[in-house]
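Asker: Need coordinates for the following:
(2 chains)
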Protein chains: 2
Amino acid sequence: MASVAEKVVAGDVRAVARLIRDIDDGMPEVREVLKELYPHTGKAYVIGITGAPGVGKSTLVDQIIAHLRKRDKTVGVLAVDPTSPFSGGAILGDRVRMQRHSMDPGVFIRSMATRGHFGGLTQSTRSAIDVLDAMGKDYILVETVGVGQDEVDVVRSAHTTVIVVIPGMGDDIQAIKAGILEVGDIFLINQADREGSDKTLSDLRLMIEMDQKKYDQGGWKPPILKVQAVFDKGVDEFLEAVDRHAAYLAETTGSLNFRGSRDKVRQELGEMIKARLIEEVLIRLTESGEFDRAIDSIVKGKVDPYTACEELVLPVLAR
Amino acid sequence: MASVAEKVVAGDVRAVARLIRDIDDGMPEVREVLKELYPHTGKAYVIGITGAPGVGKSTLVDQIIAHLRKRDKTVGVLAVDPTSPFSGGAILGDRVRMQRHSMDPGVFIRSMATRGHFGGLTQSTRSAIDVLDAMGKDYILVETVGVGQDEVDVVRSAHTTVIVVIPGMGDDIQAIKAGILEVGDIFLINQADREGSDKTLSDLRLMIEMDQKKYDQGGWKPPILKVQAVFDKGVDEFLEAVDRHAAYLAETTGSLNFRGSRDKVRQELGEMIKARLIEEVLIRLTESGEFDRAIDSIVKGKVDPYTACEELVLPVLAR
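Answerer: A predicted model of the protein is given here:
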């Protein structure tokens, strides 16, 4: 009998689907499988795609898949939806929208919601990327809904992070742009036929050029591209920009296994430690009844939560 | 000399501003101050306001302040912007937009970005709410940009959570609605004069009525209100809905100190434990050099990150 890890490496679609669901559900058994898979990772190229709701990310992902398939590349897609923590209904429409690829064995699409899981979204997404990587997919597209800290963390696992905007998104777009500028490797203005697309372009350009000094010192200057995903316009130019960014990364990090860069490992290990810590400790405090007793004391006004927290946390740590 | 906590309780604006900045910067000294302030909290009514970028949350908050002031209520505002984790430029324009209240001693407005801080956004926001509460503000408005897990957690600290949408926000609005439905106590359709507002209303109503069973059993049924914040239309009706929700909470929890409800305490203490744990452990692993040594081993391919994580986490926990 082949192990789960062996099945995944052999490309067994059902084994992969079950493993990703187990990751999403926070099953502790997945850890041993992930250890076994790790030596088979580091080959895929990961593209993170983020942007506010309504900018057409799903349509774009659908077109990118089609173009990568034309290049004879295999593609894995993770649609990450942290906005559904309760209902468990991750990205309702996505599989429907992407269904033209559903019969293609070179494409594997999965949604993740990461509900009821101590570890959190970033950790599960990263593990799921490892799985698709070990499965042998050439490209992995990670699509996230929204623009919070969660999404920023998720897309930081990518080699190339793509920020999608549309023209005329109102005032707050300024705040978003400021926040995501640092993580964006490529900016896409989708629905570029809409009014205001030149204004959006010049706004973005202005913000990017505020970092001109960085680019003068050899830093990557994020290109801004206009696309119309619905009409399949601009997608090839986008993939060329991804190629240029990949070449830049290979040159500056000296390796095609971007996974191995110190910064990425640092960030990845930090997240993993957090997730594991919380899991271990919350389980212990819950099982021992200490957590519930502390809640009682706070409710009865016997102790403030800051003190109660200290009294729970400090003893679980080795001195 | 008065202590920091005494100054806060006395309403010293400079002490409050400095304390909130220290919380935002993750200074460990704030913990003792928060313990001292805790007995003075539990009096303010907290309203969380969230929604995608561009729906006009700031204008709405500005109008709500004006209406609460007409009722002779004092107001604290926290504008939380987790989308600026790097640049530190929290909600650039907000203070400008709300400046008509800047000379009013009954109004206190602060932005938080929570950058470079282990504990995370939810924890700092909750502490800042405690500060404004202890300071004696009658209402605290917490405005968040975006719709990720972070924001959901932040608004869960509120008594009443308000979800703001605008008509015609495109496909992904469906996914958001599904995600935030469970946390929304009141839904506002802002810019209700725009095309498609009836469609948005009926979409929302449909989704809310999927939980009809809950309402039949006495659960709170979120009202959906149309407003036009720019023209100051619908804000009084909104505040009446907040009053009704407050009355519902008082009736169902049996207390006006909503802080003391078991569910809120459980969630609050859980978040606090997570934040404190991560802080304690990451500092130890960083200072001892173990974290860096593990990164080296992973980069050199001597160990996989899953195993390295286990080897770091398990020993720091008391057996």
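Asker: Which elements pack onto the helix or strand encompassing residue A:283?
Answerer: In this assignment (DSSP states H and E), residue A:283 forms part of helix A:262-287. Secondary-structure packing of helix A:262-287 (3 or more Cβ pairs under 8 Å, 6 or more residues apart in numbering or on different chains; DSSP states H and E): helix A:121-134, helix A:290-299, helix A:305-316, helix B:262-287, helix B:290-299, helix B:305-316. Bear in mind the C-beta positions are built from the backbone N, C-alpha and C, glycine included.
Asker: How far away from the center of its chain is the last one?
Answerer: Looking back up the chat, that one is helix B:305-316. Taking Cα atoms, centre = their mean, to the nearest Å, the mean C-alpha location of helix B:305-316 is offset from the chain mean by 33 Å.
Asker: Can you tell me what sits against that helix?
Answerer: A:31, A:34-35, A:38, A:265, A:268-269, A:272-273, A:276-277, A:280, A:317-318, B:281, B:284-285, B:290-291, B:294, B:297-298, B:303 (Cβ atoms under 8 Å, 6 or more residues apart in numbering or on different chains).
Asker: Filter the residues you listed down to the buried ones.
Answerer: Neighbour-count burial (16 or more other Cβ atoms under 10 Å in any protein chain shown) applied to the contacts of helix B:305-316 gives A:31, A:34-35, A:38, A:265, A:268-269, A:272-273, A:276-277, A:280, A:317, B:281, B:285, B:290-291, B:294, B:297-298, B:303.
Asker: can you tell me the helix or strand for residue A:250?
Answerer: Per DSSP H and E: helix A:235-253 holds residue A:250.
Asker: Could you pull out the helices in the stretch 101-250 of chain A for me?
Answerer: A:121-134, A:149-155, A:173-180, A:197-209, A:212-216, A:235-253 (DSSP state H, counting those that start in this stretch).
Asker: So which of those helices is nearest chain B?
Answerer: Nearest of the helices of the stretch 101-250 of chain A to chain B, taken as Cβ to the nearest Cβ: helix A:173-180 at 3.2 Å.
Asker: need the contact list for the residue nearest the centre of chain A.
Answerer: Residue closest to the mean C-alpha point of chain A, counted by Cα atoms, centre = their mean, is residue A:154 at 3.3 Å. Contacts for residue A:154 (Cβ under 8 Å, 6+ apart) come out as A:48, A:50, A:80, A:121-122, A:125, A:142, A:144.
Asker: and what of residue A:78?
Answerer: Residue A:78 sits in contact with A:110-112, A:125, A:128-129, A:132, A:140-143, where contact means Cβ under 8 Å, 6+ apart.
Asker: Surely it forms part of a strand?
Answerer: Yes. Looking at residue A:78 with DSSP: H, G, I helix; E, B strand; the rest coil, it is inside a strand.
Asker: what's the distance between it and residue B:295?
Answerer: The gap separating residue A:78 from residue B:295 is 25 Å, by Cβ to Cβ, to the nearest Å.
Asker: now do residue A:60
Answerer: On the measure of Cβ to Cβ, residue A:60 and residue B:295 end up 34 Å apart.
Asker: Between the two, which is the more surrounded one?
Answerer: Set residue A:60 next to residue B:295 and count neighbours by other Cβ atoms under 10 Å in any protein chain shown: residue A:60 wins out with 25 against 20.
Asker: And the helix or strand where that one lies, how far out from the chain middle?
Answerer: Residue A:60 is located in helix A:57-70, with elements delineated by DSSP H and E. With Cα atoms, centre = their mean as the basis, helix A:57-70 stands 17 Å off its chain's centre.
Asker: got it, and stretch A:265-283?
Answerer: With Cα atoms, centre = their mean, you get 17 Å for stretch A:265-283.
Asker: who's in contact with it?
Answerer: A:26, A:28, A:118-120, A:122-123, A:126, A:153, A:156-157, A:259, A:291, A:313, A:316, B:270, B:273-274, B:277-278, B:281-282, B:285, B:291, B:294-295, B:298-299, B:305-306, B:308-310, B:312-314, B:316-317.
Asker: run the last query once more with 7 Å
Answerer: With Cβ atoms under 7 Å, 6 or more residues apart in numbering or on different chains as the test, stretch A:265-283 has contacts from A:118-120, A:122-123, A:126, A:156, A:316, B:274, B:277-278, B:281-282, B:294-295, B:298-299, B:305, B:308-309, B:312-313, B:317.
Asker: OK, contacts around residue A:135?
Answerer: A:8, A:11, A:16, A:76.
Asker: Roughly how far does it sit from residue A:2?
Answerer: 14 Å.
Asker: try residue A:163
Answerer: From residue A:163 to residue A:2 the distance is 41 Å (Cβ to Cβ).
Asker: ok, these two, which is more surrounded?
Answerer: Higher neighbour count among residue A:163 and residue A:2: residue A:163, with 26 against 11, using other Cβ under 10 Å.
Asker: quick one: low-confidence ranges for the stretch 1-150 of chain A?
Answerer: Counting by pLDDT under 70, the ranges of the stretch 1-150 of chain A that qualify are A:82-99, A:114-120, A:145-150.
Asker: Show me where it has its strands.
Answerer: A:45-50, A:75-80, A:107-112, A:139-144 (DSSP state E, counting those that start in this stretch).
Asker: tell me the angle the third one makes with strand A:139-144.
Answerer: For strand A:107-112 against strand A:139-144, the angle between stretch directions is 30 degrees (axes from the mean of the first three to the mean of the last three Cα atoms, to 10 degrees).
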